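> Can you look at this prediction? I've put the sequence above it.
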Amino acid sequence: MARRSALLGLTTLLLSSTYLQAADLSVKAPVPVVPASCKAEITFPSYGGIIKQNPNPACLTIGGLGDIYFGGAVTGYAYTQTNQFAFSAVPQIASDRAGRVDFSNLMGTIQKADGPFQFYAAFGAYTIPGLGLPILSAFDQTNLLYSPIPIVFGKYVFNDNWSIQGGRMPTLIGSELPFTYQNLNISRGLLFNQENVINQGVQVNYSDGPWSASFAATDGFYSGEINWVTGAIVYKIDAANTIGINGGTHFNNFNSALQNPRFQFATPLSVQNSSIVSANYTYADGPVIVTPYVQYTNVERNAVLGLGGAETIGGAILASYAFTDNFALAGRFEYISQSGNSASPFGLGQTTSVLYGPGSSALSFTVTPTFTFDRYFLRGEFSTVQLYDITPGLGFGRTGLKTSQERYMIETGITF
């Protein structure tokens, strides 16, 4: 009997020990960590500050690819303006109108925003209205500019500091962004008209603490030939203050005049063979955003291309103030001038016009009140452009003799 009790005790002890070890293992065994899906921080494309990036974009996890994010914008606008430009002399290109109701964006986006291999694509119809320029319909602009796929590129991230990307990308130049919903104002400004917008090429990116820099070899004004180098350097002083310099230049001549007129809509001869540099400062804190910047462009004399020398120098200030979470007021003031004078020889390869003729200048003022409701927005805009010392025929109006233009716009839509 004593022997049986001892055996029972030993068995109980062993079973208890086994249970305790199993319990101990169940507590201390490492639990596999499953990465949270659809949690990448979406920072591209950039937004101007009033209409904001969707914090919770649609996301789909696909085996072998990872998290794929979807977004876009569906927006429409209407405008009326004075002194519309002369009728187009090119049958393939529509003429400027006194007014229009149209889509401003029918855009979708898809991207992979984390991991070593990333990509981004934007597709659809769009309009890029600019002050002091004719405005065409969204479908005409999409056809004449950058196609229904204006942006598509792949990116490889080496580490926290270095990455490389290639394809069709937004320019590194300037302080305004391509599409209406990305900006404080509906129309792009006079200085923006001197900049390229979408490049095709290869770009290297570097960031370390407050410093970031990007350098690219591109086709400039969408020429299809790699003949430009561009770069941007940004220093974040603190949470509210940022300074930067950006620019680019061509390293090989490109004669877009040999191409059909439709091609030259996106690739004008003069600016495709130009150089540009811009310096900016941004203060963004709470409801206030202020961005002053200066910009210089140069077109060298080139007898082969029929280009005379031309320079522009300009300055602008972009600003907005958010009175409430749902209402903000934005404004822009600009001045830009071109070298030379109205008596300079023109049209004989002696002088090139990159503004409104040699010696011309332009001043603009824009004000844009904006209401936002979650992902929806509604905004109006008034802008005026005043021209000085124009070459007859290069100004506003059907005859090119008018020196002022007022534009009234309204835009509404949703970003997602």
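Structure received.
> What number of residues are in the vicinity of Val354?
Using other C-beta atoms under 10 Å, Val354 has 23 neighbouring residues. The C-beta positions use only the backbone N, C-alpha and C, and glycine is treated the same way.
> Surely it is in contact with Leu269?
No - Val354 is beyond contact range of Leu269, at 10.3 Å (criterion: C-beta atoms under 8 Å).
> which non-adjacent residue is nearest Tyr126?
Asn105 (5.2 Å; C-beta to C-beta, 6 or more residues apart in numbering).
> give the contact list for the one you found.
By C-beta atoms under 8 Å, 6 or more residues apart in numbering, the contact set of Asn105 is 72-75, 124-127, 138, 179-181, 413.
> what's the pLDDT at the closest residue to Pro287 other than its chain neighbours?
Using C-beta to C-beta, 6+ apart and skipping the chain neighbours, the partner closest in space to Pro287 is Ala322 (3.9 Å). According to the prediction, Ala322 has pLDDT 98.
> and the gap between Ala322 and Thr412?
Shown here: Ala322 relative to Thr412, a distance of 19 Å by C-beta to C-beta, to the nearest Å.
> Give me the more crowded residue out of those two.
Comparing Ala322 with Thr412 by other C-beta under 10 Å, the one with more neighbours is Ala322, at 18 against 15.
> Count the residues that sit near Leu106.
20.
> Give the pairing partners of the helix or strand harbouring it; include direction for each.
If you go by DSSP states H and E, Leu106 is part of strand 99-112. Applying DSSP bridges, strand 99-112 is found paired with strand 66-81 (antiparallel), strand 117-126 (antiparallel).
> Could you list which residues are in contact with the residue nearest to Pro287?
Ile50, Gly286, Pro287, Val288, Ala328.
> Helix or strand for the residue nearest in space to the middle of the chain, just tell me which one.
Closest residue to the average C-alpha location of the chain: Leu177 at 3.0 Å, with C-alpha atoms, centre = their mean. Taking DSSP H and E as the definition, Leu177 sits outside all helices and strands.
> Where does Thr142 sit: helix, strand or coil?
Secondary structure state of Thr142, per DSSP: H, G, I helix; E, B strand; the rest coil, is helix.
> got the contact list for it?
Taking C-beta under 8 Å, 6+ apart, one finds Gly124, Ala125, Tyr126, Pro148, Pro150 in contact with Thr142.
> Apply 10 Å and report the result again.
Contacts for Thr142 (C-beta atoms under 10 Å, 6 or more residues apart in numbering) come out as Phe103, Leu106, Gly124, Ala125, Tyr126, Thr127, Ile128, Leu136, Pro148, Ile149, Pro150.
> Could you report the pLDDT at the third one?
As predicted, Gly124 sits at a pLDDT of 98.
> And for it, the neighbour number?
So Gly124, with other C-beta under 10 Å, has 18 neighbours.
> again with the first one
A total of 19 residues lie near Phe103 under the criterion other C-beta under 10 Å.
> Please tell me how far the nearest residue to it once chain neighbours are set aside sits from Thr412.
Once flanking residues are discounted, Phe103 sits nearest to Ala138: 4.7 Å by C-beta to C-beta, 6+ apart. For Ala138, the distance to Thr412 equals 15 Å [C-beta to C-beta].
> try Phe179
Between Phe179 and Thr412 the distance is 15 Å, computed by C-beta to C-beta.
> ok, now Tyr181?
Separation of Tyr181 from Thr412 (C-beta to C-beta): 11 Å.
> list residues touching both of the two?
Going by C-beta under 10 Å, 6+ apart, residues that sit against Tyr181 and also against Thr412 are Thr75, Ser104, Phe377, Arg379.
> got those residues as CSV, with pLDDT and distance to Met169 columns?
Output for the shared contacts of Tyr181 and Thr412, formatted as CSV (pLDDT from 0 to 100; distance: C-beta to C-beta, whole Å):
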residue, pLDDT, distance to Met169
Thr75, 98, 22
Ser104, 97, 22
Phe377, 98, 26
Arg379, 98, 27
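> of all those, which comes closest to Gln81?
Looking at the shared contacts of Tyr181 and Thr412 and their distance to Gln81, the nearest is Ser104, at 15.1 Å (C-beta to C-beta).
> Put the alpha carbons of stretch 103-122 into PDB.
C-alpha atoms of stretch 103-122 as PDB (Å, rounded to 0.1, in the frame of the first residue of the first chain):
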ATOM      1  CA  PHE A 103     -14.000  68.600 -65.500                       C
ATOM      2  CA  SER A 104     -10.800  69.900 -63.900                       C
ATOM      3  CA  ASN A 105      -9.700  66.400 -62.900                       C
ATOM      4  CA  LEU A 106     -10.900  62.900 -63.500                       C
ATOM      5  CA  MET A 107      -7.900  61.300 -61.900                       C
ATOM      6  CA  GLY A 108      -7.200  57.900 -60.300                       C
ATOM      7  CA  THR A 109      -4.000  56.900 -58.600                       C
ATOM      8  CA  ILE A 110      -2.400  53.700 -57.600                       C
ATOM      9  CA  GLN A 111       0.800  53.200 -55.600                       C
ATOM     10  CA  LYS A 112       2.900  50.900 -53.400                       C
ATOM     11  CA  ALA A 113       4.300  53.200 -50.700                       C
ATOM     12  CA  ASP A 114       6.500  50.900 -48.600                       C
ATOM     13  CA  GLY A 115       9.200  48.200 -48.900                       C
ATOM     14  CA  PRO A 116      12.300  48.300 -51.100                       C
ATOM     15  CA  PHE A 117      10.300  48.400 -54.400                       C
ATOM     16  CA  GLN A 118       7.600  51.100 -54.800                       C
ATOM     17  CA  PHE A 119       5.700  52.600 -57.600                       C
ATOM     18  CA  TYR A 120       3.200  55.300 -58.400                       C
ATOM     19  CA  ALA A 121       0.800  55.900 -61.300                       C
ATOM     20  CA  ALA A 122      -1.800  58.700 -62.000                       C
END
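> So which bits of that stretch are buried?
Buried residues in stretch 103-122, counted by 16 or more other C-beta atoms under 10 Å: 103-107, 109-114, 118-122.
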